[in-house]
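Visitor: quick check, what structure comes out for this input:
(one chain, ligands or ions: 1)
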Amino acid sequence: MSERILIIDFGSQVTQLIARRVRESGVYSEIHPINKVSERSIRNFAPKAVILSGGPASVTDSGTPRAPDALFALGIPVLGICYGQQAMVEQLGGKVESSERREFGRAHVEVTDDCELFHGVWDKGGRQPVWMSHGDRVSEPPAGFRSVAASEGSPYAAIANDEKHFYGLQFHPEVVHTPHGGNLLRNFTHRVAGCKGDWTMARFKDVEIAKIREQVGDGRVICGLSGGVDSSVAAMLLFEAIGDRLICVFVDTGLLRLGEAEQVVEMFRGHYNIPLVHRDAAALFLRHLEGVGAPEKKRKIIGATFIDVFEEEAEKAGGADFLAQGTLYPDVIESVSFAGGPSATIKSHHNVGGLPERMSLRLVEPLRELFKDEVRELGRQLGLPETFVGRHPFPGPGLAIRIPGAITAEKLDVLRKADAIYLEEIRSAGLYDAIWQAFALLLPVRTVGVMGDARTYDYVCALRAVTSTDGMTADCYHFDNDFLARVAGRIVGEVKGINRVVYDVTSKPPATIEWE
Ligand code: XMP
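Guide: Residues are numbered from 1 along each chain as shown. Have a look, this model is predicted:
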């Protein structure tokens with residue numbers, strides 16, 4: 001088993017970043033929500049060290065969460081960050097107070113002493129930029145701790161107990177706004193916890209292939225290919241593990257982008273020689289969606305039709321024992337909610353969740369420990385071309401949710417052409433990788449224009465481009481005006497049916513990335 005770090009999540013918005021930074025230091029890490037953590041679960045996980053995340057609660061309030069007391073008697077290093085620091089301090093006999101001087105955002109700490117966390121990164125006497133977000137602060141550290149850094153609002157911005165290898169930080173080392181934070185975390189995993197940092201994607205690939213072989217035995221695995229990065233990487237990995245006992249089913253919903261279906265088929269069948277069932281179900285999807293305008297209804301119809309077609313094709317291909325899915329780590333993490341109450345359903349995501357039970361299949365999810373960019377790295381290890389692994393995310397319901405209202409074959413064709421021009425221009429301007437997601441939409445609105453002295457009455461095309469790290473929040477991407485004018489000119493000039501182009505500048509929230 002590889003060396004692992006356990007991150008106990010107290011509900012911070014940025015806990016995932018701790019895991020990212022630890023993994024970047026070559027050490028495997030997992031996030032476990034505090035309500036699922038016990039002394040036993042920690043022992044079973046056998047971590048080299050534990051990191052306690054920040055969180056929205058206040059340790060000065062009763063009933064707020066604490067790490068199991070036994071954690072501090074296991075003899076393993078512990079790093080508490082923000083709320084995690086305060087909880088540790090309080091549990092070990094120190095004091096935490098609600099501070100009148102709250103610190104949010106950029107701050108500076110004075111490095112008052114050397115410690116293992118700072119080794120080779122921060123020198124005693126230096127002043128360093130950090131990112132803070134707290135109301136409470138440590139007012140008296142527990143016995144055995146010394147202060148190693150202080151800010152104006154926090155006399156104990158960093159504390160250390162060298163003997164026990166316990167450390168506490170009031171600031172957040174995991175965010176990019178703490179410029180050396182990644183190195184501080186690396187010192188914790190390598191110098192304090194003694195990890196070697198040998199968790200690489202190449203090693204992950206070999207271990208995962210062995211695990212798949214063990215899980216699947218002589219069985220057959222069916223894999224739904226969407227053409228996206230996740231399912232493609234999962235399929236490639238499975239193919240390396242079990243060869244032609246893998247059957248890939250690619251359902252062409254007719255809701256894909258220009259040339260997308262051909263690319264997927266060519267790549268899997270032509271280039272990699274992976275067994276692939278290709279079902280062109282465009283007409284069926286269109287028939288089921290005819291006249292349907294409500295976004296949720298469209299999504300549900302697409303999900304159900306997909307399952308029907310997939311099941312049919314899987315049966316024709318001789319059935320299987322397992323279903324492979326490209327589920328990623330962020331989909332698996334159960335984040336802690338202190339506010340309580342179910343969250344509102346904004347959109348029903350299309351997936352094949354209903355399939356395993358219906359077809360009595362067991363699941364194979366080889367990517368469930370990885371983040372998106374780690375999946376991309378794994379794709380590279382498996383030999384997938386860069387143009388493929390770096391693709392923007394594309395939603396399961398495809399272009400159907402980029403044409404508000406009822407869709408038709410004609411509208412889909414018009415949208416495909418506009419979208420291809422937009423992406424071509426983004427690529428040739430060298431902007432593709434700076435954008436999380438960019439796409440065109442076709443609005444159900446017709447407006448008047450004038451082309452070659454004649455009146456036109458055609459549809460409006462909207463363009464969207466956003467930056468994001470995980471799709472949960474997003475900002476509008478700021479193109480320069482010449483770029484947008486060039487794209488608009490090409491779309492109106494080359495795509496029949498569109499005579500006006502607009503740019504969506506809304507962030508998420510309050511909007512969402514897709515329009516439906
Ligand atoms: P929204 O529109 O909710 O989208 O801001 C966030 C991210 O999720 C993608 N998305 C989907 N992905 N099935 C998917 O696999 C879906 O049904 C779906 N709906 C939205 C969206 O493209 C964006 O990246």
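Visitor: contact partners for the residue in the stretch 151-300 of the chain that the ligand sits nearest to?
Guide: Nearest residue of the stretch 151-300 of the chain to the ligand: R299, at 6.2 Å (C-beta to the nearest ligand atom). Backbone N, C-alpha and C define where each C-beta goes, glycine included. Applying C-beta atoms under 8 Å, 6 or more residues apart in numbering, we find R299 in contact with K347, S348, H349, H350, P397, I401, E516.
Visitor: what sits up against the longest strand seen in the chain?
Guide: Ranked by number of residues, the top strand in the chain under DSSP state E is strand 95-111. For strand 95-111, contacts defined as C-beta under 8 Å, 6+ apart pick out 58-60, 86, 89-90, 118, 122-140, 148-154, 157-158, 171, 177.
Visitor: what angle do whichever helix or strand comes after that strand and strand 95-111 make?
Guide: Going down the chain from strand 95-111, the next helix or strand is strand 127-140, by DSSP states H and E. Angle between the axes of strand 127-140 and strand 95-111 is 160 degrees (criterion: axes from the mean of the first three to the mean of the last three C-alpha atoms, to 10 degrees).
Visitor: which strands and helices lie in contact with strand 127-140?
Guide: helix 83-91, strand 95-111 (3 or more C-beta pairs under 8 Å, 6 or more residues apart in numbering; DSSP states H and E).
Visitor: can we see that at 10 Å?
Guide: For strand 127-140, the packing partners by 3 or more C-beta pairs under 10 Å, 6 or more residues apart in numbering; DSSP states H and E come out as helix 83-91, strand 95-111, strand 146-150, strand 158-161, strand 166-169, helix 181-186.
Visitor: doesn't L423 make contact with I491?
Guide: No - taking contacts as C-beta atoms under 10 Å, I491 lies outside contact range of L423: 11.6 Å.
Visitor: out of those two, which sits in the busier spot?
Guide: Set side by side, I491 and L423 show more neighbours around I491, with 24 against 19, by other C-beta atoms under 10 Å.
Visitor: gap between that one and E214?
Guide: 52 Å (C-beta to C-beta, to the nearest Å).
Visitor: okay but R186 is in contact with R23, surely?
Guide: No - contact criterion C-beta under 10 Å: R186 and R23 do not qualify, at 11.1 Å.
Visitor: neighbour-wise, which of those two wins?
Guide: More crowded of R186 and R23, by other C-beta under 10 Å: R186, with 24 against 21.
Visitor: lowest-pLDDT helix or strand in the protein?
Guide: Sorted by mean pLDDT, DSSP states H and E, the helices and strands of the chain end with helix 329-332, the least confident at a mean of 74.
Visitor: only C-alpha atoms, please: export that one in PDB.
Guide: Below are the C-alpha coordinates for helix 329-332, written out as PDB (Å, rounded to 0.1, in the frame of the first residue of the first chain):
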ATOM      1  CA  TYR A 329     -13.000  11.700  -6.800                       C
ATOM      2  CA  PRO A 330     -15.000  15.000  -6.400                       C
ATOM      3  CA  ASP A 331     -18.200  13.000  -7.300                       C
ATOM      4  CA  VAL A 332     -17.400  10.500  -4.500                       C
END
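Visitor: do it and the ligand meet?
Guide: No - Helix 329-332 does not reach the ligand (C-beta under 6 Å from any ligand atom); its nearest approach is 9.8 Å.
Visitor: give me the residues contacting that helix.
Guide: 16, 19, 23, 30-31, 230, 325, 349, 351, 365, 367-372, 374-375, 470-472 (C-beta atoms under 10 Å, 6 or more residues apart in numbering).
Visitor: on that earlier part again, between I491 and L423, which contacts overlap?
Guide: What both I491 and L423 touch, as defined by C-beta under 10 Å, 6+ apart, is the set A440.
Visitor: where does this protein come near the ligand, residue by residue?
Guide: Counting by C-beta under 6 Å from any ligand atom, the chain sits next to the ligand at 347, 349-350, 393, 395-397, 437, 471, 508, 512-514.
Visitor: include neighbour count, secondary structure and pLDDT when you put those into a markdown table, please.
Guide: Compiled in a markdown table, the residues of the chain next to the ligand are given as follows (neighbours: other C-beta atoms under 10 Å; DSSP: H, G, I helix; E, B strand; the rest coil; pLDDT from 0 to 100):
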| residue | neighbour count | secondary structure | pLDDT |
| --- | --- | --- | --- |
| K347 | 14 | coil | 74 |
| H349 | 13 | coil | 71 |
| H350 | 22 | coil | 60 |
| P393 | 14 | coil | 91 |
| P395 | 23 | coil | 91 |
| G396 | 18 | coil | 89 |
| P397 | 26 | coil | 93 |
| Q437 | 19 | strand | 97 |
| G471 | 17 | coil | 80 |
| K508 | 16 | strand | 89 |
| T512 | 13 | coil | 94 |
| I513 | 21 | coil | 95 |
| E514 | 17 | coil | 97 |
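Visitor: could you dump the residues you listed to a markdown table with distance to R106?
Guide: Output for those, formatted as a markdown table (distance: C-beta to C-beta, whole Å):
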| residue | distance to R106 |
| --- | --- |
| K347 | 35 |
| H349 | 36 |
| H350 | 40 |
| P393 | 31 |
| P395 | 36 |
| G396 | 39 |
| P397 | 40 |
| Q437 | 29 |
| G471 | 26 |
| K508 | 24 |
| T512 | 29 |
| I513 | 28 |
| E514 | 33 |
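Visitor: from those residues, which is closest to L284?
Guide: P397 (14.7 Å; C-beta to C-beta).
Visitor: would you confirm that the closest one contacts K297?
Guide: No - assessed by C-beta under 10 Å, P397 is found out of contact with K297, at 11.3 Å.
Visitor: common neighbours of those two, please.
Guide: L289, S348.
Visitor: got a list of what I81 touches?
Guide: So I81 contacts 7, 10, 12, 14-15, 18, 51-55, 88, 167-174, 181, 185 (C-beta under 10 Å, 6+ apart).
Visitor: same thing with G293?
Guide: G293 neighbours (C-beta under 10 Å, 6+ apart): I403, P404, G405, A406, I407, P444, E516.
Visitor: with the residues you listed in mind, which one is nearest to the ligand?
Guide: E516 (8.0 Å).
Visitor: burial of the closest one, as a residue count?
Guide: E516: 19 neighbours (other C-beta under 10 Å).
Visitor: now do the same for it: its pLDDT.
Guide: In this model, E516 is scored at 97, pLDDT.
Visitor: now G340
Guide: Reported pLDDT for G340: 39.
Visitor: distance between the ends of stretch 275-288?
Guide: With C-alpha to C-alpha, to the nearest Å as the measure, stretch 275-288 spans 29 Å from end to end.
Visitor: so how far is that stretch off the chain centroid?
Guide: Distance, stretch centre to chain centre, for stretch 275-288: 29 Å (C-alpha atoms, centre = their mean, to the nearest Å).
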